[in-house]
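Trainee: Build me a model:
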Amino acid sequence: MSTPFDPFQESVAWVADTGFFIACGRQQNNKYAALERFAAQNDLTFVIPQRVYAELGGAPDRSTPGQTPINSALDAGWVRIAAEPDYANSTVSRVMDDIRSYIARSSNRAEDQIEKADTALGAVAATLLESGDARYVCVVTTDTDAGEGTVAALAANGFEGRIQFRDGFELINKIT
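Mentor: Numbering: from 1, shown residues only. Predicted structure coming up:
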């Protein structure tokens with residue numbers, strides 16, 4: 001077993017899921033403000049898969065007029081949308097398959113019922129690690145099965161010791 005890396009060092013990408021941002025609420029919410037401060041204080045940018053952005057972009061009527069919380073975060077620069085992963089890349093596709101299988105086993109669901117956004121976290125992480133755009137990845141999700149599955153899948157595909165899972169609910173509680 002390798003020594004855990006410091007998620008606040010340079011060359012760590014923070015990849016986040018839909019539930020994490022939903023748990024923070026609107027811009028006026030103290031959790032959202034705390035998350036924005038956390039990102040600024042630690043000089044980090046959350047990377048979200050395009051599927052996560054699509055899931056988060058559909059609630060403008062419950063947000064600041066004309067602006068969803070995720071778009072405000074993008075405009076402020078503490079969130080960015082990852083490029084679409086290359087699904088033909090064998091590492092990316094293996095990681096996604098492994099995550100889907102892990103979640104299915106741990107949650108007793110059929111693999112075809114696993115949300116594509118859950119496997120997209122691993123696809124983005126694998127892409128960042130394989131390309132050298134990040135030395136390490138910290139995956140933040142409110143779905144324990146998805147977080148643990150992402151770590152297991154990336155470790156099994158050559159990225160052991162370079163991936164961590166942070167429970168999104170615990171992080172929110174810690175920073176608020």
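
Trainee: Which residue, neighbours along the chain excluded, lies closest to Ala104?
Mentor: Spatially, and ignoring its direct neighbours in sequence, Ala104 is nearest to Glu111 (4.5 Å; Cβ to Cβ, 6 or more residues apart in numbering). Where you see a C-beta, it was placed from the backbone N, CA and C, and this is true even at glycine.

Trainee: Quick check: chain neighbours aside, which residue is closest to Arg109?
Mentor: Ile103 (7.1 Å).

Trainee: I'd say the one you found and Asp118 touch.
Mentor: Yes: using Cβ atoms under 8 Å, Ile103 is in contact with Asp118, at 6.1 Å.

Trainee: just to revisit the earlier point, now the residue nearest to Ala104: how far from Ala39?
Mentor: As judged by Cβ to Cβ, to the nearest Å, Glu111 and Ala39 stand 34 Å apart.

Trainee: For Asp118, which non-adjacent residue is closest in space?
Mentor: Leaving aside its sequence neighbours, Asp118 sits nearest to Ala146 (Cβ to Cβ, 6+ apart; 4.1 Å).

Trainee: mind checking pLDDT for that neighbour?
Mentor: Note on Ala146: pLDDT of 94.

Trainee: now do Gly66
Mentor: Looking at Gly66, its pLDDT reads 51.

Trainee: now swap in Val137 and tell me
Mentor: Model confidence at Val137, given as pLDDT, is 96.

Trainee: Chain neighbours aside, what residue packs nearest to Arg94?
Mentor: Nearest to Arg94 is Asn157, by Cβ to Cβ, 6+ apart, at 5.6 Å.
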